[in-house]
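A.B. asks: Next one to model:
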Amino acid sequence: MKKSFFLFLPLCLFLNMQCKQADQTNRAEPTKITTKDPLPSWNEAALKQSIVAFVGKVTKEGSPEFLQPSDRIAVFDNDGTLWAEQPVYFQAAFIFDRVKALAPQHPEWKQKQPFKAVLDGDLATALGGGEKSIGALLAATHAGMTDEAFDQIVLDWIKTAKHPTTGKAYTDMVYQPMLELLDYLRANGFKTFIVSGGGIDFMRPWTQQVYGIPAEQVIGSSLKVKYEVVDGKPSLLRLPELNFIDDGPGKPVGIHQHIGKRPVFVAGNSDGDYDMMQYTMTNPLPHFGLLIHHTDATREWAYDRESHIGKLNKGLDDAGKYGWQVVDMAKDWKVVYPGG
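C.D. replies: Numbers count the residues shown, from 1 in each chain. Coordinates of the predicted model:
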């Protein structure tokens, strides 16, 4: 997903332009699924068949395309690939809610931009200052605390926050077909990673419960941290300084630094994932690429080439060149969210 400046790149782009499945278990010793439909929320079409065929041939011993379990690395973007991202990235909603929650401690924010505009609900003005405004909001809401304190803030928010359009909890707006795909791959010996432009520390507190992906298998954008001992207790203090942007060409870099080998399975949904998908699909080992195309205006949202969030333009043009399988959400998925 295309994330801009600081923790996630498209937040700047979006705001400048216009102003579970519970407790899935990460299997250390996977058991191959052979007797039941592993992807029941996927329609019986060529795309589903190609996924099952790929998994079958790379996990069958004796097959010329057999992959050793150590090579079965699968990477997934998060926003727009594993959960929804409209009308604003969910981490952006977290930032705005944090500003409102902290406002009583900062009476000066009633007159100080960009905080005043956020409190007034005027997001176009709030972010009219571009990177400077974004930086001020991120520093106020993400830095100046220990990692443990930030984890708890994120967990408290994710348990109670509601999507502005659907009224659902954000963790109920995960894609059921993708949950099944994650589970299917793990059941066949794949190790699944999130590689997102979103904040690594925003995602890590809840990805195990929601996706079955543990914190150490989450790669994302990050702030710098400082080690210090306070009252005899070792701590990591979050600083208002950029450490790494895991977006675009940063995604293959993040994969190399965190995983140490090129994936064989990749899923994304925007041009922000292009480099990660290109990197995976040029692996000399057997590989598979999945590009989620948001075509369902009834059950979700329909957007692609001109979207202010999740722009998918170059990816659509080059899908055939790299052999990326394009998911038509309206046609390929029986359901979008858990529960139908």
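
A.B. asks: going forward, measure contacts between C-alpha atoms and count neighbours the same way
C.D. replies: Will do.

A.B. asks: Let me know the distance separating Tyr211 from Asp37.
C.D. replies: 19 Å (C-alpha to C-alpha, to the nearest Å).

A.B. asks: So for those two, which residue has more residues nearby?
C.D. replies: It is Tyr211, of Tyr211 and Asp37, that has more neighbours when counted by other C-alpha atoms under 10 Å, with 25 against 11.

A.B. asks: That one touches Leu179, doesn't it?
C.D. replies: Yes. Look at Tyr211 against Leu179 with C-alpha atoms under 8 Å: they come within range, at 6.5 Å.

A.B. asks: Count the residues that sit near Thr298.
C.D. replies: Neighbour number of Thr298 under other C-alpha under 10 Å is 8.

A.B. asks: Now do it against Met173, distance only.
C.D. replies: 15 Å.

A.B. asks: From the opening residue of stretch 239-259 to its closing one, how far?
C.D. replies: 25 Å.

A.B. asks: Just give the nearest non-adjacent residue to the spatially most central residue of the chain, would you?
C.D. replies: Nearest residue to the geometric centre of the chain (C-alpha atoms, centre = their mean): Asn78, 1.6 Å. Closest residue to Asn78 apart from its sequence neighbours, by C-alpha to C-alpha, 6 or more residues apart in numbering: Ser196 at 5.6 Å.

A.B. asks: Can you classify the one you found by secondary structure?
C.D. replies: Recorded secondary structure, Ser196: strand (DSSP: H, G, I helix; E, B strand; the rest coil).

A.B. asks: got the contact list for it?
C.D. replies: Counting by C-alpha atoms under 8 Å, 6 or more residues apart in numbering, Ser196 touches 1, 76-79, 219-221, 246-247, 251.

A.B. asks: Is it correct that the residue nearest to the centre of the chain is in contact with Ile194?
C.D. replies: Yes. Asn78 lies in contact with Ile194 (C-alpha under 8 Å); the separation is 6.4 Å.

A.B. asks: one step back: narrow the contacts of Ser196 to those in helices?
C.D. replies: Among these, the ones falling in helices (DSSP state H) are Lys251.

A.B. asks: Of the contacts of Ser196, which is the nearest to Gln325?
C.D. replies: If you rank the contacts of Ser196 by distance to Gln325 using C-alpha to C-alpha, Phe76 comes first, at 14.2 Å.

A.B. asks: Show the contacting residues for that closest one.
C.D. replies: Counting by C-alpha under 8 Å, 6+ apart, Phe76 touches 82, 192-196, 266-268.

A.B. asks: Which one (most neighbours) among the residues you listed?
C.D. replies: Ser196 (33 neighbours).

A.B. asks: any idea how far that residue is from Ala267?
C.D. replies: 11 Å.

A.B. asks: And for Val174?
C.D. replies: Where Ala267 is concerned, Val174 sits at a distance of 15 Å (C-alpha to C-alpha).

A.B. asks: cool, Ser70 as well?
C.D. replies: 19 Å.

A.B. asks: for Leu137, same thing?
C.D. replies: Taking C-alpha to C-alpha, one finds Leu137 at 31 Å from Ala267.

A.B. asks: Spatially nearest residue to Leu237 (excluding sequence neighbours)?
C.D. replies: In space, and not counting its chain neighbours, Leu237 is closest to Thr146: 4.4 Å by C-alpha to C-alpha, 6+ apart.

A.B. asks: Test my guess that the one you found contacts Leu239.
C.D. replies: No. Contact criterion C-alpha under 8 Å: Thr146 and Leu239 do not qualify, at 9.3 Å.

A.B. asks: Just the C-alpha atoms of stretch 141-150, please, in PDB.
C.D. replies: Taking Å, rounded to 0.1, in the frame of the first residue of the first chain, the C-alpha atoms of stretch 141-150 are listed here in PDB:
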ATOM      1  CA  THR A 141       0.500  11.000  18.900                       C
ATOM      2  CA  HIS A 142       3.200   8.400  18.300                       C
ATOM      3  CA  ALA A 143       6.400   9.600  20.100                       C
ATOM      4  CA  GLY A 144       7.500  10.500  23.600                       C
ATOM      5  CA  MET A 145       6.500   7.300  25.200                       C
ATOM      6  CA  THR A 146       7.900   3.700  25.700                       C
ATOM      7  CA  ASP A 147       7.100   1.000  23.200                       C
ATOM      8  CA  GLU A 148       5.000  -0.800  25.900                       C
ATOM      9  CA  ALA A 149       2.900   2.300  26.500                       C
ATOM     10  CA  PHE A 150       2.300   2.800  22.800                       C
END
